[in-house]
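**Student:** Next input, structure requested:
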Amino acid sequence: MRIGTRCHKAFVLAFLLPSSALFAGELEPIQVCQCGRFLMTASGKPFFWLGDTCWHMFGKSVSENADNQPAVSQYFANRAAKGFTVIQSVIVRAPIGSTAANAYGHLPFEDANTWRPRLGPGPNDDYWDHVDRVMTEAKKHGLYMAALPFWLQDIPPQARIEKEPAIAYRYGHFLGSRYRGETHIIWVLGGDAYSGGRNVDVPSRLTMIRALAEGIADGIAGVDQFDGQADWSVCLMTFHPPGGGRSSGEWLHEEPWLDFNMIQTTTRFRFANWLTVMREYSRVPPKPVLDGEVAYEGSLSLRKDEPQDIRIGPQHVRRAAYWAVFAGACGHTYGHRSFIGWIRKGETYRYGASIPWYEVLDAPGAFQVGYLRRLIESRPFFTRIPDQSVLLEDHGNSDAHLQATRCREGSFLMVYSPQGEAIRVKTDSLRGPKFRAWWFNPRTGAAERIGGPKKEFEGPVLSFNCPTKGDGNDWVLILDSTSLPPPDELRTTSGQVPKE
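**Tutor:** Take a look at the predicted model:
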């Protein structure tokens, strides 16, 4: 969607739903707020992107319990109950060859060279019927789908769809037309294209992606005219870039169809994704940014110069999430290694994936990223900005790096300490003169008033020692200058969208 014309105050919302609760009706379309930093619903409510990654779900999931996996509805119910808002997956991961068939043996295309969809007459006899069921199941649970039409890295250089962009337009038009009325779909182009001339830095690849975007928008708008023009306001789009701290903004920031930027940090033990977020935050015009792939829980590191006998843990997941969001991201995407390839019973996948997806639904990190969403939504939403200047020291680019965020209007300040290092902050950006202080525990989602229920702090510089210290002992310091609710209550508050 284009930037919204207004933004309302958010109402108090329940954060967690019972696992049996289903969403009734249509989900509101998501769009960019006026300041260009955040996402919101069409009626102006804050929208925090809490994503989960399961790239192969469309092709490998089933709608009913099977010998090697349960029905996909179990997955959606679990993610909705944990507070996730977006599910990221690829509609057609492998367009060519035997691996293109889904779990029912259906192929997506009559001819993979022309990308002409294979459609049967019945409700359960082709690839697209299952795509429909997955889309519907997500909506039933109140979840948005961030859907990639294809994985760009899997399209070989000089494939026919690249040489003839009209094919990309027709495929995009098919998708846009088929899902025209589905307001819960967010379109993600790209897909990890990093090698052998497969990214959009190659002019013909960029032309192909532009054609695909135009086809989707025209299909949604009910237009069929491949002319380089489209009504981009009918859908929300982004681009999944290659890994290693890269961003869609490096190549596409000024593209009219790109509503927000996605970065990919890549799974590793040592990373500084806050640096990439800060770089994208500074681009003009402003666009929201989030990390779409980083620190997959349960994964081996993708860096061969890092240890290969230990796995990414929840502490790495939390560090990636808090660093990115406090640096200015509009949300964050969680991932577990078993979900990337949608591991079914008896299967294995790259970088240590061997546990079936349904056995790791309750991995610690999947709960803990939900606590971050709850924390962000407990404070004014649209006035939140990153601000390292409030810190007297931030420990540079080390794993102990402190990341600060605050309200532009001075109502709160938060600092994330990934290893429990002491925090010294300047308070001149807060309304003052007295402040309430809290420790928020990212591991449990619980908050404790520092100094007791009536204690208040004052002074130009305040120092705090975290309750515990060391690897995995991360904490968030919260200073409130107004009577905001406890940061672990299950509700949200919001302020007005500020003008830039």
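**Student:** Within its sheet, name the partner strands of the helix or strand bottoming out on mean pLDDT in the chain and how each one runs.
**Tutor:** Every helix and strand in the chain was compared by mean pLDDT, DSSP states H and E; the lowest is strand 109-111, with a mean of 91. According to DSSP bridges, strand 109-111 forms sheet pairs with strand 116-117 (antiparallel).
**Student:** Just checking, which helix or strand succeeds the partner strand along the chain?
**Tutor:** Per DSSP states H and E, the first helix or strand lying C-terminal to strand 116-117 is helix 127-140.
**Student:** Quick check: next helix or strand after that next one?
**Tutor:** Criterion used, DSSP H and E; the element after helix 127-140 is strand 144-150.
**Student:** List the strands paired with that following strand, with their directions.
**Tutor:** With DSSP bridges as the test, strand 144-150 is paired with strand 86-92 (parallel), strand 185-190 (parallel).
**Student:** mean confidence for that strand?
**Tutor:** Averaging pLDDT along strand 144-150 gives 98.
**Student:** buried stuff in the next helix or strand after it?
**Tutor:** Once strand 144-150 ends, the next helix or strand along the chain (criterion: DSSP H and E) is helix 160-163. Neighbour-count burial for helix 160-163 flags 161-162 (criterion: 16 or more other CB atoms under 10 Å). C-beta coordinates here come from the backbone N, C-alpha and C atoms, glycine included.
**Student:** other SSEs contacting helix 160-163?
**Tutor:** Packing partners of helix 160-163 (3 or more CB pairs under 8 Å, 6 or more residues apart in numbering; DSSP states H and E): helix 165-178, helix 203-221.
**Student:** Which among these is found nearest to Arg93?
**Tutor:** Across the helices and strands packed on helix 160-163, Arg93 has its closest neighbour in helix 165-178 (14.4 Å, CB to CB).
**Student:** Spit out the contact partners of Ala327.
**Tutor:** 273-274, 277-278, 281, 386, 403, 405 (CB atoms under 8 Å, 6 or more residues apart in numbering).
**Student:** on that earlier part again, would you reformat the strands paired with strand 144-150 as a markdown table and include distance to Arg133?
**Tutor:** As requested, these are exported to a markdown table (distance: least, CB to CB, whole Å):
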| stretch | distance to Arg133 |
| --- | --- |
| strand 86-92 | 13 |
| strand 185-190 | 14 |
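**Student:** Tell me which of those strands lies nearest to Gly352.
**Tutor:** strand 86-92 (20.4 Å).
**Student:** average model confidence for that closest one?
**Tutor:** Mean predicted lDDT for strand 86-92 stands at 98.
**Student:** now stretch 209-225
**Tutor:** Stretch 209-225 comes out with an average pLDDT of 98.
**Student:** so how far is it from its chain's centroid?
**Tutor:** Centre-to-centre, stretch 209-225 and its host chain are 24 Å apart (CA atoms, centre = their mean, to the nearest Å).
**Student:** got the contact list for it?
**Tutor:** Under CB under 8 Å, 6+ apart, the answer for stretch 209-225 is 149, 152, 165-166, 168-180, 187, 189-190, 200, 226, 228-232, 234-235, 237, 239, 255, 257.
**Student:** Can you say which of these are buried?
**Tutor:** For the contacts of stretch 209-225, buried by 16+ other CB under 10 Å: 149, 152, 165, 168-179, 187, 189-190, 200, 226, 230, 232, 234-235, 237, 239, 255, 257.
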